[in-house]
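Asks: next come a sequence and a model predicted from it.
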Amino acid sequence: MIDLYTWGTPNGRKVSIMLEECGLPYRTHAVNIGKNEQFTPGFIAINPNGKIPAIVDSEGPDGKPISIFESGAILLYLAGKTGKFLPASVRDKYDALQWLMFQMGGVGPMIGQAHHFLRAAPEKVPYGIDRYSKETRRLYGVLDRHLANTPYLAAGEYGVADIATYPWIARHEWHQVALADFPSVKRWFDTISARPAVVRGMAVPKL
């Protein structure tokens with residue numbers, strides 16, 4: 001059994017989607033980041049960085065419990081555990097890993113900053129809004145050009161890079177991007193949105 005510590009954020013939903021796609025049994029523990037529950041001693045013992053998501057797998061690689069934090073690391077752990085959603089060939093695996101890192105280093109942080117300046121900042125900061133909104137659209141452009149030639153982000157098949165990126169694009173209204181402006185991203189987004197495991201994963205945690 002896997003214990004998932006999460007909240008309704010894109011990073012949290014990456015992991016619940018992956019768990020649903022892999023068909024692994026898991027229990028959900030809602031960590032309300034609005035109430036700073038991620039900083040409680042119990043959660044810090046699982047993730048010293050004090051951020052969701054995190055998992056504890058009672059059946060780790062050596063048969064002993066293991067805790068994993070950082071959403072990208074969790075996706076790779078679950079892919080390794082199940083043999084799913086990460087290509088077996090070396091070339092295709094690195095194709096998948098580079099697009100996963102693109103999400104971890106670009107899509108998530110930059111769109112997250114756009115959300116902050118557009119929605120959460122106590123005052124409007126035009127420089128911040130302009131900087132991160134432009135970078136968000138630039139990243140959409142990278143995705144759109146790439147997806148014009150391939151159905152999914154890596155190796156021509158659905159995998160960890162798609163699972164990692166999708167929940168961020170699902171908040172396109174938050175960062176004020178019209179998907180119609182990026183037709184290849186929209187086609188990819190609509191395809192993934194129709195997957196039953198994605199629908200279930202996006203509903204976690206159930207509040």
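Replies: Received it, and whenever you're ready, just let me know what you need. Keep in mind it's a predicted model, so treat the numbers as computed, not measured. Residues are numbered from 1 along each chain as shown.

Asks: hang on, Thr191 packs against Pro151?
Replies: Yes: Thr191 is in contact with Pro151 according to C-beta atoms under 8 Å; the separation is 7.3 Å. Backbone N, C-alpha and C define where each C-beta goes, glycine included.

Asks: shaky segments in the protein?
Replies: Residue ranges of the chain with pLDDT under 70: none are present.

Asks: biggest helix in it by residues?
Replies: Criterion DSSP state H: the longest helix present in the chain is helix 126-147.

Asks: go through that one and flag the buried ones.
Replies: Residues of helix 126-147 classed as buried: Ile129, Tyr132, Ser133, Glu135, Thr136, Arg137, Leu139, Tyr140, Leu143, Asp144, His146, Leu147 (neighbour count, 16 or more other C-beta atoms under 10 Å).

Asks: tell me how far the fifth one lies from Ala121.
Replies: Spelled out, it's Thr136. 15 Å (C-beta to C-beta, to the nearest Å).

Asks: try the first one
Replies: When distances are taken as C-beta to C-beta, Ile129 and Ala121 turn out to be 8 Å apart.

Asks: now the fourth one
Replies: Applying C-beta to C-beta, the value for Glu135 to Ala121 is 16 Å.

Asks: where along this protein do the helices fall?
Replies: 10-22, 41-44, 71-82, 90-102, 108-115, 126-147, 160-169, 183-193, 196-202.

Asks: dump stretch 122-131 to PDB, keeping only the CA atoms.
Replies: Once non-C-alpha atoms are left out, stretch 122-131 reads as follows in PDB (Å, rounded to 0.1, in the frame of the first residue of the first chain):
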ATOM      1  CA  PRO A 122      -1.100  41.300  -2.300                       C
ATOM      2  CA  GLU A 123      -0.600  44.000  -4.900                       C
ATOM      3  CA  LYS A 124      -0.300  44.000  -8.700                       C
ATOM      4  CA  VAL A 125       3.300  44.000  -9.800                       C
ATOM      5  CA  PRO A 126       3.300  44.800 -13.500                       C
ATOM      6  CA  TYR A 127       6.900  43.700 -14.000                       C
ATOM      7  CA  GLY A 128       6.200  40.300 -12.400                       C
ATOM      8  CA  ILE A 129       3.000  39.800 -14.300                       C
ATOM      9  CA  ASP A 130       4.700  40.700 -17.600                       C
ATOM     10  CA  ARG A 131       7.800  38.600 -17.100                       C
END
